[in-house]
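Undergrad: For reference, the sequence and a predicted model appear below.
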Amino acid sequence: MSEHDSGSSGASNTVPVQAGALKKGSHVVIKGFPCKIIDYSTSKTGKHGHAKANIVGIDIFTGKKYEDISPSSHNMMSPVVTRKDFQLIDIDEEGYVTIMDDKNETRSDLRLDFENDDIHKKAKEDFEEGKDLLLTVLSALDTEKVIAVKELQ
């Protein structure tokens, strides 16, 4: 994280949440990865008295599927997920983008993956055509990725 990141007041990048309170569509850390829950079910209490929460999530950055089982009374970590729009200023030959936020602060530490990501490929093509673009950056657990591109009107 650079000194330009807003909202990072030294607060943790995860918050505890009880496994029984999670629901489909919310975010949770599974095996160290920030995931969006796509399936959630609970099993009955067993002879030891804890209902189990069965959680299936998709990594918000890679799309990879992860599963976890936790007693519903135990805490799991929920990642603090933020979305922010930036205006695209430049793309260098290595794929690094120079972007500007709404406070006119620029940064050049994000890289686009043209080979494996269609959104990134489209951003490069549209930028080379001279279009003014807005990039949406998703961030969680000290990872950031451009997840959407739209043309400025």
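TA: Ah, there it is. Everything numeric in this text was worked out from a predicted model, so none of it was measured.
Undergrad: all strands of this structure, in order?
TA: All strands of the chain, identified by DSSP state E, fall at 14-18, 27-30, 33-42, 52-59, 65-71, 75-79, 82-91, 96-100, 106-111, 133-140, 143-151.
Undergrad: Let's have those in a markdown table, adding distance to F127 and mean pLDDT.
TA: Yep, even glycine has a C-beta here, placed from its N, CA and C like the rest. Rendered in a markdown table, the data for those read as follows (distance: least, CB to CB, whole Å; pLDDT from 0 to 100):
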| stretch | distance to F127 | mean pLDDT |
| --- | --- | --- |
| strand 14-18 | 34 | 94 |
| strand 27-30 | 30 | 96 |
| strand 33-42 | 28 | 95 |
| strand 52-59 | 27 | 95 |
| strand 65-71 | 32 | 94 |
| strand 75-79 | 30 | 95 |
| strand 82-91 | 6 | 94 |
| strand 96-100 | 9 | 94 |
| strand 106-111 | 14 | 93 |
| strand 133-140 | 6 | 95 |
| strand 143-151 | 9 | 93 |
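Undergrad: Tell me which of those lies nearest to D118.
TA: Nearest of those to D118, taken as CB to CB: strand 143-151 at 10.1 Å.
Undergrad: strand partners of that closest one, parallel vs antiparallel please.
TA: Paired strands of strand 143-151, with direction, are strand 133-140 (antiparallel) (DSSP bridges).
Undergrad: How many neighbouring residues does the residue nearest to Y96 when sequence neighbours are not counted have?
TA: Ranked by CB to CB, 6 or more residues apart in numbering and with sequence neighbours excluded, the top spatial neighbour of Y96 is R111, at 5.1 Å. For R111, the neighbour count with other CB atoms under 10 Å is 16.
Undergrad: same question, E128
TA: Neighbour count for E128, taken as other CB under 10 Å: 9.
Undergrad: How much space separates it from I91?
TA: Distance of E128 to I91, given as CB to CB, to the nearest Å: 8 Å.
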